[in-house]
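Visitor: Sequence first, then the predicted structure, then my questions.
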Amino acid sequence: MTVRTLWSIYLLLLGPTLPLWASHISCINEDGKPVDWYILYKFPKHMSYDVARTGLEYMFMDSVTPAWKLSKYFINMTESALGQTLQQLYQTYEAKNSVAYVMYNDGPPNKMNYSWTHGHSKGFLLLEESQGFWVIHSIPEFPPFPEDGFSYPSTGKSYGQAVICLTFPYDQFAEIDRQLLYYNPNVYNCSIPKPFQGELFYVQILCAGSQLPPAPWNQSLVKLQSAKAETFFSFAKTKCDHEDIYVAWMAQKLQTDFLVESWQRKGHQLFSNCSLPYHIYNINRIQTPWNTSFSSYYDHSKWCVSIRPEDQWTCIGDLNYAAQQSKRSGGFVCTQNRYIYTAFRSLVLHYYDCRELHESIYGSHSIVF
């Protein structure tokens with residue numbers, strides 16, 4: 001009996017016991033349970049004070065258990081939260097009218113060409129006519145085409161990667177569709193049946209391989225509400241907005257100083273920036289709750305967190321804090337969930353202020369509210 005068959009039987013048996021909101025397409029955690037959201041953080045191969053790693057280990061947290069937990073699975077296993085969530089897509093993608101899905105990545109799988117003309121964004125969404133999920137991630141060449149089934153690319157092993165999955169009611173996908181107009185993502189596989197085309201107007205244009213109309217503005221900020229009514233803010237920018245999204249927009253709009261973690265490629269990284277009322281500080285090193293750490297040079301994730309506990313902002317998204325990224329489209333989702341904030345703020349071991357390297361004043365301890 002295949003894993004896919006076992007999963008189908010499991011959902012069939014579990015379905016009647018679930019609350020109404022959770023009996024539909026949603027983010028699935030490692031226990032096989034529908035959750036409002038989850039976050040995965042895959043470790044890089046290169047970490048201090050540790051034995052050699054495979055590049056597949058990760059920690060996770062979700063709306064049920066909102067604190068970092070070391071996974072007992074590798075990220076390439078179907079039992080992982082990412083694998084279980086994607087199984088819903090791989091099992092239902094042939095359903096011609098009951099579900100819609102979109103996969104996008106500037107570096108798509110199957111040796112397809114990298115896209116410099118689309119957004120620097122990676123993600124996928126799956127929905128039915130009651131609810132669905134939106135996954136934003138940093139993994140190149142992922143996810144695989146539906147007909148290929150679940151796997152994890154070798155190109156995603158060396159560096160750290162971040163994944164956030166959000167479950168939304170159906171009416172929120174019209175807002176997400178409008179945000180994707182600004183992202184202009186490189187869609188490489190999709191299906192938008194007729195019942196969904198009203199809500200997914202712009203995505204269906206991309207799905208057809210056509211060019212999007214110009215966005216009405218260079219930026220768009222909208223409020224989204226998850227299936228359990230938790231608020232998230234979506235920042236989206238076009239390639240015509242040449243300002244850095246961290247410095248010029250998110251920090252100033254949310255009125256917070258941000259610690260920023262993104263891929264620090266040599267010769268491409270920016271310095272910490274204190275030129276505007278709210279500042280950006282470049283993270284230099286990440287620590288885990290298990291007394292290991294790694295350099296931002298080995299981290300491909302893109303996130304930022306308020307330096308002040310009272311602000312409580314955490315944002316996860318698409319764009320690196322790098323000069324050339326200011327000319328790419330993409331975006332972030334931001335939240336003031338205090339558990340998410342505490343989890344991410346505790347990861348900051350060292351950062352640069354606007355003059356020199358400083359150790360976080362909170363060290364390796366979580367912030368108490």
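Guide: Perfect, I can see it now.
Visitor: what helix or strand is the residue nearest the centre of the chain on?
Guide: Closest residue to the average C-alpha location of the chain: Ile136 at 2.9 Å, with C-alpha atoms, centre = their mean. For Ile136, the host element (DSSP states H and E) is strand 131-137.
Visitor: Pull up the pairing partners for that strand, direction included.
Guide: Within its sheet, strand 131-137 is paired with strand 122-127 (antiparallel), strand 161-169 (antiparallel), according to DSSP bridges.
Visitor: Please tell me I have it right and the residue nearest to the centre of the chain contacts Gly330.
Guide: No. Applying C-beta atoms under 8 Å, one finds Ile136 not in contact with Gly330, separated by 9.7 Å. Where C-beta positions appear, they are placed from N, C-alpha and C, glycine not excepted.
Visitor: got a list of contacts for stretch 29-38?
Guide: The contact list for stretch 29-38, computed with C-beta atoms under 8 Å, 6 or more residues apart in numbering, reads 10, 14, 18, 21-23, 26-28, 60-65, 71-73, 79-81, 84, 164-167, 226-228, 230.
Visitor: Also stretch 165-177?
Guide: Under C-beta under 8 Å, 6+ apart, the answer for stretch 165-177 is 26-27, 34-39, 81-82, 85, 125, 127-136, 198-203, 222, 224-228, 232, 234, 333.
Visitor: just to revisit the earlier point, can you list residues touching both of Ile136 and Gly330?
Guide: Common neighbours of Ile136 and Gly330 (C-beta under 8 Å, 6+ apart) are 121, 317-318.
Visitor: what residue ranges in the chain score low on pLDDT?
Guide: Within the chain, the set of residues satisfying pLDDT under 70 comprises 1-23, 49-52, 265-268, 356-369.
Visitor: cutoff 80 now
Guide: 1-23, 48-52, 95-96, 264-269, 355-369 (pLDDT under 80).
Visitor: need the helices for it, in chain order.
Guide: 3-14, 81-92, 173-183, 201-207, 251-254, 338-345 (DSSP state H).
Visitor: which stretch among those helices comes nearest Ser158?
Guide: Checking these against Ser158 by C-beta to C-beta gives helix 81-92 as the closest, at 17.8 Å.
Visitor: Any idea how far the closest one is from the middle of the chain?
Guide: Put simply, helix 81-92 sits 16 Å off its chain's centre (C-alpha atoms, centre = their mean, to the nearest Å).
Visitor: Where do the strands of the stretch 201-350 of the chain begin and end?
Guide: Secondary structure of the stretch 201-350 of the chain, counting by DSSP state E, counting those that start in this stretch: strands at 219-225, 231-237, 258-261, 280-287, 293-295, 303-306, 314-317, 330-335, 348-352.
Visitor: The last one vs strand 280-287, what angle?
Guide: Going by axes from the mean of the first three to the mean of the last three C-alpha atoms, to 10 degrees, strand 348-352 is angled at 140 degrees with respect to strand 280-287.
Visitor: and strand 348-352, which strands flank it?
Guide: Sheet pairing for strand 348-352, using DSSP bridges, gives strand 280-287 (antiparallel), strand 357-359 (antiparallel).
Visitor: Check the fifth one too.
Guide: Taking DSSP bridges as the criterion, strand 293-295 pairs within the sheet with strand 280-287 (antiparallel).
Visitor: Report the angle between the strand holding Ile136 and strand 330-335.
Guide: Going by the same axes, to 10 degrees, strand 131-137 makes 110 degrees with strand 330-335.
Visitor: Contacts for strand 131-137 next, please.
Guide: Taking C-beta under 8 Å, 6+ apart as the rule, strand 131-137 contacts 21, 24-27, 85, 100, 121-127, 161-170, 173, 176, 227, 316-318, 333.
Visitor: That one to strand 219-225, inter-axis angle?
Guide: Using the same axes, to 10 degrees: strand 131-137 against strand 219-225 is 130 degrees.
Visitor: Now do strand 131-137: distance to the chain's middle.
Guide: With C-alpha atoms, centre = their mean, you get 9 Å for strand 131-137.
Visitor: what do you get for stretch 144-154?
Guide: 18 Å.
Visitor: and it, which residues are buried?
Guide: When burial is assessed from 16 or more other C-beta atoms under 10 Å, stretch 144-154 yields the following buried residues: 144, 146, 150, 152.
Visitor: who's in contact with the third one?
Guide: If I follow you right, that is Phe150. 78, 83, 86-87, 90, 143-144 are the contacts of Phe150 under C-beta under 8 Å, 6+ apart.
Visitor: The last one too?
Guide: Contacts of Tyr152 were listed using C-beta under 8 Å, 6+ apart, and they are 56, 75-76, 139, 142.
Visitor: Right, I'll call it a day here.
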